[in-house]
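Chemist: Task: produce atomic coordinates for the following.
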Amino acid sequence: MTKDALAYIGLGSNLNDPVVQVTYALEALGEIEGISILETSQFYTSPAMGGPADQSDYVNAVAALKTVLSPRNLLQKLQLLERLQGRTRGPRWGPRIIDLDILLYGDRIIDEKDFQVPHSCLHQRAFVLIPLFEIAPDLIMPNHGKLSRLVDSLDSDELQLVRN
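Modeler: The predicted model follows:
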């Protein structure tokens, strides 16, 4: 266990009623010992990026959380939640019931073969940056500087707010 850290988690789904899947994942995430959800963005839809051409749009959100779990332990908990929710590993960038990623963990930089924080493509993805900006507009991102600068440089025309 470590001292409290602020982490940001990306959530996404494009299978089996994606809004329900992301909502369920958020609820399950909040029930893990050692995690407190501080804030959650609204849900956004965007076209699938890469992978099979006939995929449905994704529903994405970002959650800010306080955790005493180490980055690796948090990753293990997220992967367990994915499996419990029915995710199976398929083609890269393929359709998913749920995808949970550690976007940021404090100001830590982790660069291991199977684990990168900040998430390796975070700085290029509107479907993550815009919901992240919604809940943390003053964020300074390791290796990339002000989040607001990254958001200003995005082409976010394909990102739409989910209307409830």
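Chemist: Output the below-cut-off pLDDT ranges for this protein.
Modeler: Within the chain, the ranges that satisfy pLDDT under 70 run 1-2, 51, 90-94, 155-158, 163-164.
Chemist: At which residues are the strands of it located?
Modeler: 5-13, 35-40, 44-46, 58-67, 99-105, 110-112, 115-117, 140-141, 145-146, 160-161 (DSSP state E).
Chemist: counting contacts, what elements does the last one pack onto?
Modeler: Contact here means 3 or more CB pairs under 8 Å, 6 or more residues apart in numbering; DSSP states H and E; on that basis strand 160-161 packs against strand 44-46. C-beta here means a position set from N, CA and C on the backbone, and glycine is covered the same way.
Chemist: ok, the strand it packs on: who's next to it in the sheet?
Modeler: The partner list of strand 44-46 in its sheet, established with DSSP bridges, is strand 58-67 (antiparallel), strand 160-161 (antiparallel).
Chemist: Can you list the neighbours in contact with the last one?
Modeler: Contacts of strand 160-161 from elsewhere in the structure, counted by CB atoms under 8 Å, 6 or more residues apart in numbering, are 42-46.
Chemist: and if we set it to 7 Å?
Modeler: 42, 44-45 (CB atoms under 7 Å, 6 or more residues apart in numbering).
Chemist: Now find how far off-centre that strand is within its chain.
Modeler: How far strand 160-161 lies from its chain's middle: 16 Å, per CA atoms, centre = their mean, to the nearest Å.
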